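*Asks:* heads up, no residue letters with this:
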């Protein structure tokens, strides 16, 4: 798999080629993969959010009915007059 990245980001990754920047002696590719994994594991990542939403319990039919009733009860009547017509 090939990932296209902007030139400025690629130039930034080139700075990791020197041994002084990589005390663990990891390749640039290994460092990039590690950084990507930390982004995906971050609580605000889209994948994390999707997993959290999918883990939520589904509401019962009665809870949905109660919500629909509350929404219908809170609706304002439609008026032909605008606020300035009064």
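*Replies:* Perfect, thanks for sending it. These figures come from a predicted structure and were not determined experimentally.

*Asks:* pLDDT score assigned to the spatially most central residue of the chain?
*Replies:* For the chain, the residue nearest the mean C-alpha position is residue 46 (2.7 Å; C-alpha atoms, centre = their mean). The confidence metric pLDDT takes the value 79 at residue 46.

*Asks:* and it, how close does it get to residue 39?
*Replies:* 10 Å (C-beta to C-beta, to the nearest Å). Bear in mind the C-beta positions are built from the backbone N, C-alpha and C, glycine included.

*Asks:* got it, and residue 57?
*Replies:* 28 Å.

*Asks:* give me the more crowded residue out of those two.
*Replies:* residue 39 (11 against 5; other C-beta atoms under 10 Å).

*Asks:* please name the nearest non-neighbouring residue to the more buried one.
*Replies:* residue 45 (6.2 Å; C-beta to C-beta, 6 or more residues apart in numbering).

*Asks:* what is the neighbour count of that neighbour?
*Replies:* Other residues close to residue 45 by other C-beta under 10 Å number 13.

*Asks:* got any ranges where this structure has weak pLDDT?
*Replies:* Scanning the chain for pLDDT under 70 picks out 1, 14-24, 40-44, 86.
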